[in-house]
Structure formats: structure tokens, C-alpha cells
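Visitor: Turn this into a model:
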Amino acid sequence: MGLEFQGREFTFGEIEVRSNRLAHVLAARGVVTGDRLCVYLVNCVEMIDLYLACVKLGVIFVPINILYREREMAHILSDAQPQALITDAELAVTVSIWHPAVLSAEAATMPDSRPAVALDGDAPAGIIYTSGTTGTSKGAVLTHNNFAANTVNLLACWEIRDADRFLLALPLFHVHGLGNGLHCWLASGCRMRLLERFEHQTAAEVFLDFRPTLFFGVPTVYVRLLGLEPAAARELGGFMRLFVSGSAPLPAQVFDDFHALFGHRILERYGMSETIMNISNPYWGERRAGTIGFPLPGISAKLLSPSFEPVAPGETGEVYLKGPNIFAGYWRRSEATQDAFVDGWFRTGDLATISSDGYYTLCGRKSDLIISGGFNIYPREIEEFLQEHPAVVEAAVVARQDKMRGEVPVAYVVLEFLIDTAVLGELCREKLASFKVPREFVVVEKLPRNAMGKLQKNLLGK
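Guide: Have a look, this model is predicted:
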């Protein structure tokens, strides 16, 4: 049995037939190789059918964040210019809407043979729109080869096999759920239970019922799992093989607390919408807290200064990447694509250091860098330090304009229990350089995040 969803079970053969029939429906509606289809759905079997039907026809699959509303979707629909938007939501948009239930009804009368369409590996398979946390989102064009190279790497490096039981709670509209989750399931032939979404209230029940061996999550999910009862956590840890974290930095404190509670060291890795997976901690070997590990096979990485000079171990530089996972460019944005590459290397905009033994550690986005009185401040260092305090659940440090120093750091904190923030200020003064001490601590109920748990710092202070 290949797939479980909401009590229904599907074999891989059934998924094959469903997607073949749906591909014939799309073709009958005039969709051809190179066309785009936008999909706005929560996790469901129909979304898998649609993706596979698009792959088989050479149609470009364009998933849209289910949290977006018409205003946010308008840019994507205008940019991608799809043949249709497939959704069961009632929306006021300017493109044709096709309802999944109608497509499924039409598919029942279609042949179950695979469409005879010849495809090239460098042809676009999907357009993944970046989160757009600092401006208008751009469509990253991922090819069939990009997805294939990434999948082969993950199956080999994380030892994913058909014997695994895979619990997938990540949204399929994101490259984490689509590029990693869906493809690893399909290529390995393992059993997968797909959830519509992760719900921490029922997490223990779902884990203990399905008894997975493999789970992909984001840091906020692992923070939630730390709230499980110790007995449930021990039982859960007993049948799990591998926990993987990505899409946002995993605080070292969460890594340590999770190991203590579940008996597992989370495998943290680093990927992007434009590249799928780049760098990963090892399956066998030390999974070092706070780091993202080593470049995956076939992928080259280097750290460069603003003047494009290599940086020494321990020094901060921008991450540049090259490999078969790197996207083909931004959809219909030749200038943005050109700016994204230097001598064939993709410039990520992420800052990192490398240790003397090769482990990479992310320091944040280049755009997050705070320059105060001529000193560089990397917010993640301060955030990690603050999150070591038992009262601090989460912390985010951003820049505030300052007449004297240009910029100064300000910390936003989510607290487990109420404390005087002066205590945090005093701790920072004891352990950090004076220019790194936040000038203010703002207590908030929660930090603004997108659907994948990525912090949206641009919304802080607004």
C-alpha cells in the first residue's frame, strides 16, 4: 500500500491510474506541454493526482500558498499566466477556475493509459514562488532534472527505503513538502500517510497510531513536539528512525532538548525554493547542533566576501552554490536571473561560516545583517543566546534606525513565563559585546511566520 489519507488507502498502481486519467482530462481541455496550471488546494490526494498528471504531460505545476488571499494571489496569476486555477475555494480572480470534483468526475470516463508525451529533463516541471518576505515574490523554475537529482541525493544520503513509514504533514504547495516529501515517497516506494496539516493537539495520537520511521518538519513543529508527555515521547522515539528539520534555522537549544526528550538528534539541512536541497548534516556521523552540515553529493558550495574573495574558516561570507539541483532561473525575469548568478554560481543571499572540519553554519540572510557603528551584527547569534534562557520560547532580532550608530538591534521575544526583560538585557551585557546588546526587548504573543514557519522579520515593529 503506497498512500494513506484521511482513512482512505491507495496503492501506487491506483495513483498511477488516477493521474493518467486526469492527464487525459487536462489534455482534452486543451492543456499542452509548457502551459502552466496553478493549484490552490490543501493537502489531498487530488493534489498529488494533479502534480503527476502535469509531470506526465510536461505541463508546469504552479502551487499557491493556501494561506494567500485574492490580493496576494493576483501577482502569481498575472505572472504565471496559467491556463486555469484549480481550486475548490470560491475566489474572485480573473482566470478560469476548474474544480477538482468536476475534473475527477470527467476522469472516470477517461482511459487509464499513460499519455504519450516525450519530455526533456531540462524542461520546467514546476514554478515555486518565493515567500516574498522582502518584496514581490519571484517564480523559481525547477526542472525535471532538478527534482530527480534532489530525490536521488536524499534517498542515498538519508537511506530512505521502501520499508520506511513516512508521515508527511508539510504543505505540498511548498518545495519542502513537494520536492522532498512527495518525491522521496514516490522514488522509494515507502508507505506514506499524508496529513492535511500538522496539528500539535493530535500529534502524539497520529504518531502513535501510524508509527512512522521518517518525519520531515520545520523548527516550529519540533518546538510543539517538545510539549509531549515524556512517556509518549519515549515511545515515539523508539520506533522513529529519522527526524529532519528545514525551511528555517533550528535553534541549538531545541536540538538539545529534543535529544534529551526523544532520544533522537534531529538532522538539520539547508535548502531553498530555487535549489531544493543543498547542504545536510550526515545520517551517519555527528549531527552538530546549530549547523547545517556538508554539501550534498554533486553540489559545490563556497563562501565569498562582498568583494567576491574566499573567506577563512570561522569568518562570515555569502553562500554560493553550483550543482544539478540549481533552478533554471526566475520565470520571465531575465534581469533577476542574471543578477542571481556570478560566473555560473548561484548567490543565495544567505550568510554562513564554515568550521575547520567542514561544517557550515548559517548566520542569517544578508538582508538581515545589522551594521551598528561600523560593527557587523548577525541577529542569529543573539537569538540563539536569548533562547538558551528557560523563559524565552522564541526570539527575533531586527535593526532599528539610530541617528548615532546607523542601526541598533532590537529583540522581540515570546515568553514561556513572565520575567522582567531587564534580566535578559543584563545577561546579554555579561556575555555579548556591548554593540550586540539589544537596545529594547519587546514581548509579543507570537512571531510572524509564513506557512512553512519561516520568520517574517519585515513585519516586526509594524
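
Visitor: Where do the helices of the stretch 1-150 of the chain begin and end?
Guide: 12-28, 45-57, 70-80, 100-107, 144-157 (DSSP state H, counting those that start in this stretch).

Visitor: From residue 418, how far off is residue 269?
Guide: According to C-beta to C-beta, to the nearest Å, residue 269 and residue 418 sit 36 Å apart. For glycine as for every other residue, the C-beta is placed from the backbone atoms N, C-alpha and C.

Visitor: per-residue confidence averaged over stretch 115-124?
Guide: The average pLDDT for stretch 115-124 rounds to 94.

Visitor: With just CA atoms, put that stretch into PDB.
Guide: Only the C-alpha atoms of stretch 115-124 are listed here, as PDB (Å, rounded to 0.1, in the frame of the first residue of the first chain):
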ATOM      1  CA  PRO A 115      -0.200   9.900 -22.100                       C
ATOM      2  CA  ALA A 116       2.400   9.500 -24.900                       C
ATOM      3  CA  VAL A 117       4.400  12.700 -24.300                       C
ATOM      4  CA  ALA A 118       8.200  12.900 -24.800                       C
ATOM      5  CA  LEU A 119       9.900  15.100 -22.200                       C
ATOM      6  CA  ASP A 120      13.400  16.500 -21.800                       C
ATOM      7  CA  GLY A 121      15.000  16.500 -18.300                       C
ATOM      8  CA  ASP A 122      15.800  20.200 -18.600                       C
ATOM      9  CA  ALA A 123      12.100  21.200 -19.300                       C
ATOM     10  CA  PRO A 124      10.400  23.000 -16.500                       C
END
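
Visitor: Same question for it: list its buried residues.
Guide: Buried residues in stretch 115-124, defined by neighbour count with 16 or more other C-beta atoms under 10 Å: 115, 123, 124.

Visitor: Let me have those residues in TSV, adding distance to residue 437 as columns.
Guide: Output for the buried residues of stretch 115-124, formatted as TSV (distance: C-beta to C-beta, whole Å):
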residue	distance to residue 437
115	62
123	52
124	48
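
Visitor: among these, which are in strands?
Guide: When DSSP state E is applied, the buried residues of stretch 115-124 are split such that residue 124 fall in strands.

Visitor: And the buried residues of stretch 115-124, which is closest to residue 27?
Guide: In terms of C-beta to C-beta, no member of the buried residues of stretch 115-124 lies closer to residue 27 than residue 115, at 6.4 Å.

Visitor: Contact partners for the closest residue to that closest one other than its chain neighbours?
Guide: Nearest-residue entry for residue 115: residue 23, 4.9 Å, with adjacent residues in sequence omitted and distances by C-beta to C-beta, 6 or more residues apart in numbering. Applying C-beta atoms under 8 Å, 6 or more residues apart in numbering to residue 23 gives the contacts 52, 53, 54, 56, 57, 114, 115.

Visitor: and if we set it to 7 Å?
Guide: Contact analysis of residue 23 by C-beta atoms under 7 Å, 6 or more residues apart in numbering lists 53, 56, 57, 115.

Visitor: Now do the residue lying farthest from the centre of the chain, the pLDDT please.
Guide: Among residues of the chain, the one most distant from the C-alpha centroid is residue 404; the distance is 38.2 Å, by C-alpha atoms, centre = their mean. With respect to pLDDT, residue 404 has a value of 72.

Visitor: Can you tell me how far it is from residue 374?
Guide: Distance of residue 404 to residue 374, computed by C-beta to C-beta: 12 Å.

Visitor: which of the helices of the stretch 1-150 of the chain is buried the deepest?
Guide: helix 45-57 (a mean of 22; mean count of other C-beta atoms under 10 Å).

Visitor: Can I get it in PDB? Just the C-alpha atoms.
Guide: Provided in PDB are the C-alpha atoms of helix 45-57 (Å, rounded to 0.1, in the frame of the first residue of the first chain):
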ATOM      1  CA  VAL A  45      -4.900  13.000  -2.900                       C
ATOM      2  CA  GLU A  46      -6.300  15.200  -5.700                       C
ATOM      3  CA  MET A  47      -3.300  17.500  -5.400                       C
ATOM      4  CA  ILE A  48      -0.900  14.500  -5.900                       C
ATOM      5  CA  ASP A  49      -3.000  13.400  -8.900                       C
ATOM      6  CA  LEU A  50      -2.700  16.900 -10.400                       C
ATOM      7  CA  TYR A  51       1.000  17.100  -9.900                       C
ATOM      8  CA  LEU A  52       1.600  13.700 -11.500                       C
ATOM      9  CA  ALA A  53      -0.800  14.500 -14.400                       C
ATOM     10  CA  CYS A  54       1.200  17.700 -15.000                       C
ATOM     11  CA  VAL A  55       4.500  15.900 -14.900                       C
ATOM     12  CA  LYS A  56       3.300  13.300 -17.400                       C
ATOM     13  CA  LEU A  57       2.100  16.000 -19.900                       C
END
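
Visitor: and that helix, how far out from the chain's middle?
Guide: Chain-centre distance of helix 45-57: 21 Å, with C-alpha atoms, centre = their mean, to the nearest Å.
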